[in-house]
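Student: Sequence and computational prediction follow.
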Amino acid sequence: MRPLKSLGRSFDKYWYGWAMAAPVVIVMLVLVGYPFVWGLYLSTTNADESNIGHDIGVNHIPPSYKSVGLHNYWDILSGNDGHFYSTLTWTLIWTFVNVFFHITIGLGLAVLLNRKIRFRGGYRLMLILPWAVPGFVAAFAWRLLYNDNGVFNSVLKYFGMHGVQWLAQPTSAKIAVIAVNVWLGVPFMMVSFLGGLQTIPKELYEAAEMDGASAWQRFRMVTLPGLRPVMMTVTLLGVIWTFNKFDVIFLLTGGGPAGSTDILVTHAYQIAFANIRQYAEAASYGVVILSMLLVFATVYRRSQAKLEVQA
Amino acid sequence: MSAATESVKPTESVKPTEPAKSAERGRSDRARGGVRTASRTKRSPLASIAIHATLIAASFIAVFPIAWVALTSLKTGNGQWAHPGDFSHLNFGNYTQVLENTDFLTWFRNSLIISLGTMVLGVFIAATCGYAVSRMRFPGFRATMWLLLVVQMFPVAVLIVPLYNIMSKLHLVNSFAGLILVYCTTAVPYCAWMLKGYFDTIPIDIDEAGKVDGLSPFGTFWRLVLPLARPGLAVVAFYSFLTAWAEVAFANTFMQSTDKYTLAVGLRTFVSQYTDQWGLMTAASVLIAIPAGVMFLLVQRNLVAGLTSGSAKG
């Protein structure tokens, strides 16, 4: 964050900054900004599959949906649609539990791997491996494991217990999707923390040791504060990504059984693409999701900035 | 973990016989790249065992599902997968069937084109943008940073309908270019964000030297800064390749003819076509995981360095 004063002053240099940032900004505005504005508009209408307007052969059927004001939002937020609050609760649990395990396990493994230890390279390679597995492949792999005749049940039966229909009951299905997502997400956190650990000056640990700090005290007083910038970024990104994590739930359970594992995003997708396509309602869900994340990101960054000032 | 940490002994307890051994260990550490390590203390054997046990258990959990799929893919015959303990008939039958009797190779090629396209275009525009926000304090710089963060919050599933409309107006539905563009919107914000952090760690003197030598800002970026940012670029390349390689929702909606399907879409037709044929599914899964694994092996040495600065300074 060092401002380059000599470069930043004159106006013809701004031109370069703009030109270099422009491709990204333009692509984002066209492919994210415009769809968003359109979605915002759709969310105030009653657009669905029957009235959205489409082409049949050469004939163009014009759209015939009309404005309904804030009706869709009222429908969602008042709980009239019957899904919002139960889905929201599960989405919050899903996000919190996932991010919690991602961070604690990732941090724990990073601390262990940061030590001088035999086979460190080998361990690291194996532990990062899930990161290289595409989400949909992971979903199939785990469905194989969770299958009624899969490994988990075979092991249970071997020990004389009953098999579990993992993905067919709400509670076990919830545990199952979380387990898969934790498995997928830990490597990223671990590598981020490993990077963060290597930026902490060794001298701090030596000084702390001189002062007689125990290992736990060194972890709390040196490691954790040293990791604060990394922690802040990965927590923020982790929450955003997990909140919107689509493929794991969609491919593993499809939101089932009976919608019990649907998070807001997969639920919105079901509204938009299952049975009668309710585009307007799905768009409203999208706006609600985005607003919640924006509020979270703003509050979170403010609170972190305050901490930064105090420290 | 905390038990292992607490039983670390201070340096004084090193026995007289130790120096030779620890010198040797120091050498081998340097040979492995001399990664800086927090503690120079000598561990008790018990702590070592605890650490190794934890790491072995964690590695097992990380590798097991992958290894299991690979193993199951070698089992041919109907319902053979349902006997997890039976390894009597292992052969490559599933693989030959996937490769010869399905459109797998077409989908594979499509996925490769799209992923590599996303990678090249994504890394290039993410790098220029990341460099701009790292070095140039132009008006609108804060807005750009904020945009990069906010774009990541957009629920992909909800953008699909409007995006589909735009794409069909631009005649980009069912085309590689369209999907590459869409994937860039997912990959680029995070990549730019991360590369900005990486560029921040490259000394500003380099840019000034370039300027003195008469290079344009873009020339400085292209000739001096990019080569230095290789670890960061490698991570970003890996990330954008994987984003495209693994994406499901957009590919499902945008690619409409079988010859344009990506693996993620193709594999789904596979499921309905061969219900319960886990042998084929697993064989395909292994083949799909291979390019991602290769990418990963190519960049894994850079992962730590590349991600560090990105998250540390983000």
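Tutor: Happy to help now that I have it.
Student: And the strands in chain A?
Tutor: Using DSSP state E, the strands found in chain A span residues A:54-56, A:59-61.
Student: ok, of these, where does mean pLDDT dip lowest?
Tutor: Sorting those by mean pLDDT places strand A:54-56 lowest, at a mean of 65.
Student: got a list of what A:Leu251 touches?
Tutor: A:Leu251 sits next to A:135-136, A:139-140, B:248 when contact means Cβ atoms under 8 Å, 6 or more residues apart in numbering or on different chains. Glycine gets a C-beta too; all of them are placed from N, C-alpha and C.
Student: what about B:Phe60, neighbour count?
Tutor: B:Phe60 is flanked by 11 other residues according to other Cβ atoms under 10 Å in any protein chain shown.
Student: cool, and A:Ile276?
Tutor: Per other Cβ under 10 Å, the neighbour tally for A:Ile276 reads 8.
Student: The host helix or strand of B:Ile49 - what's its average pLDDT?
Tutor: Element membership for B:Ile49 (DSSP states H and E) is helix B:45-72. Averaged across helix B:45-72, pLDDT comes to 89.
Student: State the pLDDT value of the closest residue to A:Ala168 other than its chain neighbours.
Tutor: Nearest non-adjacent residue to A:Ala168, counting by Cβ to Cβ, 6 or more residues apart in numbering or on different chains: A:Pro257, 5.6 Å away. Per-residue pLDDT puts A:Pro257 at 84.
Student: same check, this time on the one 4 residues further on
Tutor: The predicted local distance difference test score for A:Thr261 is 89.
Student: what does B:Lys21 give?
Tutor: For B:Lys21, pLDDT reads 41.
Student: again with A:Phe243
Tutor: As predicted, A:Phe243 sits at a pLDDT of 92.
Student: residues touching the residue nearest to it when sequence neighbours are not counted, list them.
Tutor: Spatially, and ignoring its direct neighbours in sequence, A:Phe243 is nearest to A:Thr95 (5.0 Å; Cβ to Cβ, 6+ apart). A:Thr95 makes contacts with A:239, A:242-243, as judged by Cβ under 8 Å, 6+ apart.
Student: Would you map the strands across chain B?
Tutor: Taking DSSP E as the criterion, chain B carries no strands.
Student: shaky segments in it?
Tutor: B:1-43, B:77-88, B:157-158, B:271-277, B:305-314 (pLDDT under 70).
Student: The same query, at a cut-off of 80, please.
Tutor: Residue ranges of chain B with pLDDT under 80: B:1-44, B:75-91, B:93, B:101, B:136-140, B:155-162, B:165, B:217, B:268-279, B:300-314.
Student: Redo the contacts of A:Leu251 as CSV? Include distance to B:Ser44 and neighbour count.
Tutor: Shown next, in CSV, are the contacts of A:Leu251 (distance: Cβ to Cβ, whole Å; neighbours: other Cβ atoms under 10 Å in any protein chain shown):
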residue, distance to B:Ser44, neighbour count
A:Gly135, 41, 24
A:Phe136, 45, 25
A:Ala139, 42, 23
A:Phe140, 44, 23
B:Val248, 48, 22
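Student: Out of those, the closest to B:Leu297 would be?
Tutor: Using Cβ to Cβ, A:Gly135 comes nearest to B:Leu297 of these, at 19.5 Å.
Student: Just to check, that closest one is in contact with A:Phe250?
Tutor: No. Using Cβ atoms under 8 Å, A:Gly135 is not in contact with A:Phe250; the gap is 9.5 Å.
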